[in-house]
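Trainee: structure for this input, please:
(one chain, ligands or ions: 1)
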Amino acid sequence: MTQTILVLNGPNLNMLGTREPEIYGSETLADIERRLAARAADLGLAIDFRQSNHEGELVTWIQEGRGRVAGLIMNPAAYTHTSIAIMDAMQACDYPVIEIHLSNVHRREAFRGHSYVSKVAVGVICGFGSKGYDLALDGMADLLARSR
Ligand code: DQA
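Mentor: Numbers count the residues shown, from 1 in each chain. Next up, the predicted model:
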């Protein structure tokens, strides 16, 4: 059976393409989803790609992944730096998490250097723009192949 990778995007990422393109690039989230779905198919995986501006909705989606998805790739956006609720939901789930950011959060304001999600993620990718999603998917595929 094809394994599904949940790909979650946090607040304001629906604005990609027009939001601070000098930091986040000119691709839209729909562009990223299209490319990632094709790459997933090449890897024999499926993706379930979602975005929400609401912390609780993201928490619910993480919970609902239990027993349904093989892994989670998440760009938690600003919730990275604030959300104990998202960290707790990840800790309670039974699948690996990879954290990604388009920008190199460590080169920016000091508050972006702290991540609650990093405490529970297997790994973190940041600073490679939308390419980070592809790198995360490759990393997840390796992880799943090794745990088989
Ligand atoms: C981000 C970095 C966060 O600090 C910021 O709040 C975002 C996007 C990134 O992808 O670079 O919304 O997660």
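Trainee: contacting residues around the closest residue to Val120 other than its chain neighbours?
Mentor: Spatially, and ignoring its direct neighbours in sequence, Val120 is nearest to Met90 (4.5 Å; Cβ to Cβ, 6 or more residues apart in numbering). (Each C-beta comes from the backbone N, C-alpha and C, glycine too.) Applying Cβ atoms under 8 Å, 6 or more residues apart in numbering to Met90 gives the contacts 62, 72, 97, 117, 120-121.
Trainee: Ile100: neighbour count?
Mentor: 28 (other Cβ atoms under 10 Å).
Trainee: host element of it?
Mentor: Here Ile100 sits within strand 97-101, counting by DSSP states H and E.
Trainee: chain center to that strand, what's the gap?
Mentor: 5 Å (Cα atoms, centre = their mean, to the nearest Å).
Trainee: give the buried residues for the helix or strand of the chain with the lowest mean pLDDT.
Mentor: Lowest by mean pLDDT, DSSP states H and E among the helices and strands of the chain is helix 21-24, with a mean of 87. Neighbour-count burial for helix 21-24, counted by 16 or more other Cβ atoms under 10 Å, picks out Tyr24.
Trainee: ok, and what's touching that helix?
Mentor: Here helix 21-24 has contacts from 16, 102-103, 129, using Cβ under 8 Å, 6+ apart.
Trainee: contacts for the very next helix or strand once past that helix?
Mentor: Using DSSP H and E, the helix or strand that follows helix 21-24 in sequence is helix 29-42. Helix 29-42 is contacted from outside by 5, 7, 9, 13-14, 16-17, 46-47, 49, 51, 130, 133-134, 137, using Cβ under 8 Å, 6+ apart.
Trainee: then stretch 100-110?
Mentor: So stretch 100-110 is contacted by 16, 23-25, 73-75, 80, 112-113, 115, 124-130, 132-133, 135-136 (Cβ under 8 Å, 6+ apart).
Trainee: grab the nearest non-local neighbour of the residue positioned nearest the centre of the chain.
Mentor: For the chain, Met74 is the residue whose C-alpha lies nearest the centre (Cα atoms, centre = their mean; 1.6 Å). In this structure, Met74 finds its nearest non-sequential neighbour in Leu8, 4.4 Å apart by Cβ to Cβ, 6+ apart.
Trainee: many thanks, have a good one.
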